[in-house]
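**Q** sequence? don't have it. structure:
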């Protein structure tokens, strides 16, 4: 499937779920690893706000890309964020969605409010 780069420069992204290991197999508890590097993969939850609309999304990040100083509710940056459509059949039912992946998650600052005076 095609990978689509997500432009985040006009968005506010807030951390809603702390990084935790991504589970590959829920029955065995096996943790997901990057297919190329073998590095442990982590997931975070964020709210992505742009153009007056918001979406809650899960983002996968390599463990080495998780920065110190992250705080729930605080703005974060997701460099190299991409979206990848997926589909599968599970128990005879077709499922589909969008998987998000970023090279890292780092603390960011809130954008300046338009029309705000100092």
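**A** Sure, I can see it. Just so it is clear, the model here is predicted, and its values are computed rather than measured. Residues are numbered from 1 along each chain as shown.
**Q** what's the helix or strand for residue 85?
**A** Assessed by DSSP states H and E, residue 85 sits inside strand 82-90.
**Q** and the next helix or strand after that strand, what does it pack onto?
**A** Counting by DSSP H and E, the next helix or strand C-terminal to strand 82-90 is strand 93-101. Applying 3 or more C-beta pairs under 8 Å, 6 or more residues apart in numbering; DSSP states H and E, one finds that strand 93-101 contacts strand 53-62, strand 82-90. Placement of C-beta: from N, CA and C, glycine included.
**Q** just name the most buried of the ones you listed.
**A** strand 53-62 (a mean of 16; mean count of other C-beta atoms under 10 Å).
**Q** for that strand, name the packing helices and strands.
**A** If you count contacts as 3+ C-beta pairs under 8 Å, 6+ apart, strand 53-62 packs onto strand 12-21, strand 41-50, strand 93-101.
**Q** contact partners of the following helix or strand past the first one?
**A** Think strand 12-21. Using DSSP H and E, the helix or strand that follows strand 12-21 towards the C-terminus is strand 23-25. Defining contact as C-beta atoms under 8 Å, 6 or more residues apart in numbering, one finds that strand 23-25 is touched by 29, 30, 31, 32, 33.
**Q** format those as a markdown table; extra columns: pLDDT, secondary structure and neighbour count.
**A** Formatted as a markdown table, the contacts of strand 23-25 follow (pLDDT from 0 to 100; DSSP: H, G, I helix; E, B strand; the rest coil; neighbours: other C-beta atoms under 10 Å):
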| residue | pLDDT | secondary structure | neighbour count |
| --- | --- | --- | --- |
| 29 | 87 | coil | 9 |
| 30 | 92 | strand | 11 |
| 31 | 94 | strand | 15 |
| 32 | 94 | coil | 16 |
| 33 | 95 | strand | 16 |
